[in-house]
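Visitor: turn this into a model:
(one chain, ligands or ions: 1)
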Amino acid sequence: MNNRMRVFQAVFVVFSLAILPVASVGASPDPVRGKHAMVASQHVLASQIGAEVMKRGGNAVDAAIAVGLALAVVYPEAGNIGGGGFMLIRRPDGKAFAIDYREMAPKAADRDIFLGKDGKLIEGEGGSTVGYRASGVPGTLAGFDLAFRKYGSGKIKWADLVEPARKLAADGYILSYRLANLLHAYRNTLSRYPDSNRIFLNDGKFYQEGDLFKQPDLAATLARVEKDGAREFYIGQTARLIADDMKANNGLITLDDLKNYTAKEREPLRGTYRGYEIITMPPPSSGGIVMLQILNMIEPFDVKSMGFNSSTELHLYAEASRRAFADRSEYMADPDFAEVPVSTLVKRTYAAQRMRSFDPRKATPSATLKPGDLNISEGTETTHFTVVDPAGTVVSNTYTINDLYGSSVTAKGTGVLLNDEMDDFAARPGKANMFGLIQGERNKVEGGKRPLSSMTPTIVLRKDGSPWFALGARGGPRIISAVVQSVINVIDFDMDIQQAIDAPRIHHQWLPDQIYYEQFGISADTMNVLSSYGHKFADRPGNIASATAIMIDKDGVRLGAIDSRSDGAAVGY
Ligand code: DON
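Guide: All right, here's what the predicted structure looks like:
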């Protein structure tokens with residue numbers, strides 16, 4: 001190098017540092033920093049509300065409840081009180097808890113409820129994806145109530161957690177370009193139901209970006225819940241309004257179904273990846289099991305030296321994912337109704353057996369790959385938000401109404417959009433659901449049963465046992481891929497939390513036998529190599545879920561991150 005070049009290089013380095021005064025290197029911005037506490041959710045107003053709760057002395061559980069209720073108002077496509085989900089809590093004393101507030105099939109539902117006289121799946125009203133019969137009994141308020149009573153700080157009143165959401169519904173908020181467009185995009189289904197049409201489509205006149213969006217019916221429902229408690233939704237006027245509307249429209253949810261709904265505590269699922277403990281959601285979610293299965297299958301390989309998104313790494317990932325999803329189709333369901341062989345599925349010996357057919361240069365066609373043989377010899381062995389409070393309590397919560405705007409039905413007079421979670425059952429065993437998932441008899445529809453989920457709220461610990469990062473995602477079965485690959489990105493590729501959730505990813509769910517990929521996510525070279533191994537690709541690229549996450553760095557700083565694929569904000573202090 002001559003002197004002129006050296007001078008040029010030095011100037012270039014100094015100049016680069018001057019214009020890039022950031023800690024991370026890569027296409028993602030730095031995570032949002034907070035010394036004490038952090039909320040990462042898909043709407044800035046909800047994140048601000050959560051941060052305020054903690055400033056007033058509430059813990060992460062209190063904050064999560066306030067965030068969840070606020071999202072029901074400002075993020076109506078997924079935030080909800082008409083759906084359900086999972087809340088994973090880890091306290092600073094190391095104890096972890098999993099609250100299952102997944103929706104429950106109404107008592108009158110049975111295996112054939114979504115089949116017409118011809119034995120075919122009913123499409124549209126009466127089917128599992130839209131309309132009154134698509135809804136399971138909502139669990140969100142029961143779950144929040146359980147979390148509040150058992151794990152809240154005791155310093156904040158229930159009413160103070162509901163009030164910010166009620167106020168947002170009553171006073172309104174300014175509609176973003178994204179939300180105004182999204183409501184318009186769902187006009188065909190929302191317009192079929194009078195209250196949805198009135199509230200979300202402005203009686204067919206539609207909303208524009210910048211409009212003040214008020215939801216007085218929802219505000220009144222929240223006011224009742226604020227005053228009388230979460231049970232009001234299940235036994236009070238709200239319950240009566242929902243049951244009456246169901247009855248008038250051939251729906252199945254009765255007053256008894258609502259009264260009998262209970263949120264349940266489950267033992268969190270635990271595993272490790274390269275020595276880091278992972279705490280995640282057990283059934284009725286498949287997310288935790290499938291994640292641990294994939295991680296167990298890839299752990300024996302030196303993923304780091306394969307290189308991020310190399311053909312070798314993507315092939316390994318796709319093959320592991322294909323095998324885990326094949327098992328999902330057969331073995332996973334509500335554990336209160338079907339035997340789910342969790343401990344076998346998450347064993348390393350089982351993972352090794354599943355990978356015996358792995359060929360580093362050849363895709364295993366899904367048609368030849370059946371769910372695994374569980375007789376192994378024993379070895380020894382639809383929005384997510386994350387909150388960390390000043391004491392270090394971590395809450396990782398994913399909840400959903402399934403499809404955007406759920407069943408499209410707003411129960412008359414309540415302002416509450418109801419879920420279409422019944423489609424997460426095998427509406428017809430062996431036939432694909434809206435996510436293309438093939439599911440079996442274990443996950444058939446039964447009254448009182450919870451549909452199998454892919455939601456994967458997760459917390460990863462450092463090797464000293466302290467919380468390292470927590471995350472989750474929205475996006476149906478792609479949730480699992482987003483969470484697993486983000487975990488791999490942090491642990492194997494040393495990415496910071498924002499980079500880890502932003503990085504391009506793939507998804508393979510056994511059937512259909514194809515790799516889903518993202519635009520500009522994989523190079524043409526890599527795709528060619530993978531095709532030569534026998535992999536097929538989805539017709540078009542599409543986003544593989546979107547995640548929110550918080551990492552706690554070694555100095556205790558909370559680092560919040562929202563997926564660049566979607567809206568949201570991390571708010572910390
Ligand atoms: O529980 C499940 O797996 C699905 N109901 C989640 C749906 C979802 O993530 C939709 N998101 N955009």
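Visitor: who's in contact with the nearest residue to P504 once chain neighbours are set aside?
Guide: If you skip the residues right next to it in sequence, P504 has G521 as its closest partner in space, 3.0 Å away by Cβ to Cβ, 6 or more residues apart in numbering. Placement of C-beta: from N, CA and C, glycine included. With contacts taken as Cβ atoms under 8 Å, 6 or more residues apart in numbering, G521 has the following neighbours: 309, 504-506, 541.
Visitor: go through these and say which is closest to the ligand.
Guide: Looking at those and their distance to the ligand, the nearest is R505, at 15.2 Å (Cβ to the nearest ligand atom).
Visitor: that closest one touches N543, doesn't it?
Guide: No - between R505 and N543 there is no contact, the gap being 9.3 Å when judged by Cβ atoms under 8 Å.
Visitor: the two: which is more packed in?
Guide: R505 (26 against 18; other Cβ atoms under 10 Å).
Visitor: can you tell me how far the more buried one sits from Y261?
Guide: As for R505, its distance to Y261 is 35 Å (criterion: Cβ to Cβ, to the nearest Å).
Visitor: show me the residues around K264 that make contact.
Guide: The contact partners of K264, taken as Cβ under 8 Å, 6+ apart, are 99-101.
Visitor: just among these, which is most surrounded?
Guide: Taking other Cβ under 10 Å to define a neighbour, the member of the contacts of K264 with the most is I99, carrying 29 neighbours.
Visitor: the helix or strand harbouring it pairs with which strands, and in what direction?
Guide: For I99, the host element (DSSP states H and E) is strand 96-101. Here the strand partners of strand 96-101, with direction, are listed using DSSP bridges: strand 84-90 (antiparallel), strand 264-266 (antiparallel).
Visitor: select, out of the ones you listed, the one closest to the ligand.
Guide: strand 84-90 (7.9 Å).
Visitor: any part of the closest one near the ligand?
Guide: No - for a cut-off given as Cβ under 6 Å from any ligand atom, strand 84-90 has no contacts with the ligand; the smallest distance is 7.9 Å.
Visitor: ditto for stretch 385-403
Guide: Yes - shown here: stretch 385-403 in contact with the ligand (Cβ under 6 Å from any ligand atom) through 400, 402.
Visitor: now swap in stretch 414-427 and tell me
Guide: Yes - under the criterion of Cβ under 6 Å from any ligand atom, stretch 414-427 makes contact with the ligand via 421, 424.
Visitor: poorly predicted segments of this protein, please.
Guide: Low-confidence segments of the chain, defined by pLDDT under 70, are located at 1-26, 377-381.
Visitor: would you list every one of the strands in the stretch 401-550 of the chain?
Guide: All strands of the stretch 401-550 of the chain, identified by DSSP state E, counting those that start in this stretch, fall at 410-411, 416-417, 458-461, 467-474, 546-552.
Visitor: got phi/psi on the residue nearest to P504?
Guide: Note on G521: backbone dihedrals following degrees, to the nearest 10 are phi -90, psi -30.
Visitor: so it versus S454, what's the distance?
Guide: 20 Å.
Visitor: same thing with E421?
Guide: 12 Å.
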